[in-house]
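*Asks:* sequence and predicted model, in that order:
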Amino acid sequence: MNITRGLPPAPLADFPVLTIGNFDGQHLGHRALLKTVIEQAQRLKGVPMVLSFDPHPIEILRPGTVPKFLSDAQEKFDFFEYLGIGELILLPFTQTLAALKPDQFVRQVLQDGLGIRQLLVGENFVFGKGRSGTIQDLIHLGTQGNFVAHSVSALMLGGAVVSSTRIRHCVTTGNVVEGRECLGRPYRLTSTVIEGEKRGRELGWPTANLRIPPHRVLPADGIYATMTEVNDERLPSVAYIGTRPTFQEGERLLEVHIFDKKLHLYGKEISVSFIQQVRRDMTFSNVDELLKQMDHDGTQAREILGKYKDNRSDIVMANKEQR
């Protein structure tokens, strides 16, 4: 896959078949749209292309906000390449770009900049100044710009649309099972192991401590059954997210205990996939109560992971996709 930052000096591909979006999370709805683009490109002997933006438009349209994302840039790049996208255009999102009226955006970016021949977008796609352009405008403007625009119906799951907004809500409320179903794989966080207070080791539950970047969506505080990727090996684990209220500590960290392994992980990058929440965060009156609950949590997490591994293969597919 070729990656171009900014509009190229001349169209990059013969018969480009384009879609537009930020594709945060790369969920099943995104996958369905991109597969349609790829199939259409194959049928027309064209090149499947994605137009995305950097930075995210909300960072320009709402200065000072720190948006929360389901994925980082590299995960998106890997996803596009895995599916078979041929060209990725990363367009700098600026106030100038945001001020373009729908017809100006079509002419300057889609027609003159990329020379597109086919455009496929979601049925609720909006564009241009003040988000004033609709799919109907695209269809009309396409007739003047030598391209054909199509809308692709949203993917429904469980009676609701699969969307990044829905998945963010699932993850932040601890419903990582529904989030996983919408994503088509477990929600995953990657970070470098830092040195902690070593309290888990003293209690018989050694943990790898991770400080998650502020721009990533975090699951609700609590205990989760997880799978942890270390050096290309995926290991069953149990994880805690929270501020450790029992010990009156304030920084929110992700702490991961890998079952049946003794590993030296300081300074190493690991990835944690969230399979199911075991329980919400709790405060305990003493350490003995906490240890009793931790033993129970560990047993529950093992049971969840045993059933998950027996019945689902999406965690393996997630690992393959994001390489």
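*Replies:* On my side now, so go ahead.
*Asks:* right, and residue 194 touches residue 209 too?
*Replies:* Yes: counting by Cβ atoms under 8 Å, residue 194 does reach residue 209; the two are 5.3 Å apart. Every residue, glycine included, has its C-beta placed from N, CA and C.
*Asks:* of those two, which one has the most company?
*Replies:* Legend: neighbour count by other Cβ atoms under 10 Å for residue 194 and residue 209, higher for residue 209 (21 against 13).
*Asks:* which one is the more buried one nearest to, not counting chain neighbours?
*Replies:* Nearest residue to residue 209, sequence neighbours excluded (Cβ to Cβ, 6 or more residues apart in numbering): residue 196, at 3.8 Å.
*Asks:* hey, C-alpha coordinates of stretch 8-22 in PDB?
*Replies:* Coordinates of each C-alpha in stretch 8-22 appear next as PDB, following Å, rounded to 0.1, in the frame of the first residue of the first chain:
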ATOM      1  CA  PRO A   8      -0.300  14.500  -5.000                       C
ATOM      2  CA  PRO A   9       0.900  16.800  -7.800                       C
ATOM      3  CA  ALA A  10      -1.100  14.600 -10.200                       C
ATOM      4  CA  PRO A  11      -3.600  11.800  -9.700                       C
ATOM      5  CA  LEU A  12      -1.800   8.600  -8.500                       C
ATOM      6  CA  ALA A  13      -3.800   5.800  -9.900                       C
ATOM      7  CA  ASP A  14      -5.700   4.800 -13.000                       C
ATOM      8  CA  PHE A  15      -9.400   4.700 -12.300                       C
ATOM      9  CA  PRO A  16      -9.200   5.400  -8.500                       C
ATOM     10  CA  VAL A  17     -12.200   4.000  -6.500                       C
ATOM     11  CA  LEU A  18     -12.300   6.000  -3.300                       C
ATOM     12  CA  THR A  19     -13.800   6.100   0.100                       C
ATOM     13  CA  ILE A  20     -13.400   8.800   2.700                       C
ATOM     14  CA  GLY A  21     -13.200   8.600   6.500                       C
ATOM     15  CA  ASN A  22     -11.200   8.500   9.700                       C
END
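*Asks:* contacts for that stretch?
*Replies:* Residues from elsewhere that reach stretch 8-22, judged by Cβ atoms under 8 Å, 6 or more residues apart in numbering: 2, 4, 30, 33-34, 37, 40-41, 44-53, 56-57, 86-87, 89, 110, 113-122, 125, 127.
*Asks:* how about 7 Å then?
*Replies:* The set of residues external to stretch 8-22 that reach it, using Cβ atoms under 7 Å, 6 or more residues apart in numbering, is 4, 33-34, 37, 40-41, 44-53, 56, 86-87, 114-121.
*Asks:* how about stretch 181-201?
*Replies:* Against stretch 181-201 from outside (Cβ under 7 Å, 6+ apart): 25, 27-28, 31, 157, 162, 166-167, 170-171, 176, 179-180, 206-212, 216, 247, 254-255, 257, 265-275, 314-315, 317-318.
*Asks:* who's in contact with the nearest residue to residue 242 once chain neighbours are set aside?
*Replies:* Leaving aside its chain neighbours, residue 242 sits nearest to residue 221 (3.9 Å; criterion: Cβ to Cβ, 6+ apart). With contact set as Cβ under 7 Å, 6+ apart, residue 221 has these partners: 241-242, 280-281.
*Asks:* what's the pLDDT at residue 221?
*Replies:* Reading off the confidence values, residue 221 has pLDDT 96.
*Asks:* quickly note the distance from it to residue 253.
*Replies:* Separation of residue 221 from residue 253 (Cβ to Cβ, to the nearest Å) stands at 11 Å.
*Asks:* please apply the same query to residue 12.
*Replies:* Using Cβ to Cβ, one gets 44 Å for the distance from residue 12 to residue 253.
*Asks:* and residue 304, by the same measure?
*Replies:* Going from residue 304 to residue 253 by Cβ to Cβ gives 22 Å.
*Asks:* swap in residue 5?
*Replies:* 34 Å.
*Asks:* out of those two, which sits in the busier spot?
*Replies:* Taking other Cβ under 10 Å, residue 5 and residue 253 do not tie; residue 253 has more neighbours (19 against 11).
*Asks:* how about the more buried one, what does it touch?
*Replies:* Neighbour list for residue 253: 209-211 [criterion: Cβ under 7 Å, 6+ apart].
*Asks:* reformat these as CSV; add pLDDT, secondary structure and distance to residue 231.
*Replies:* As requested, these are exported to CSV (pLDDT from 0 to 100; DSSP: H, G, I helix; E, B strand; the rest coil; distance: Cβ to Cβ, whole Å):
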residue, pLDDT, secondary structure, distance to residue 231
209, 93, strand, 18
210, 94, strand, 16
211, 91, coil, 20
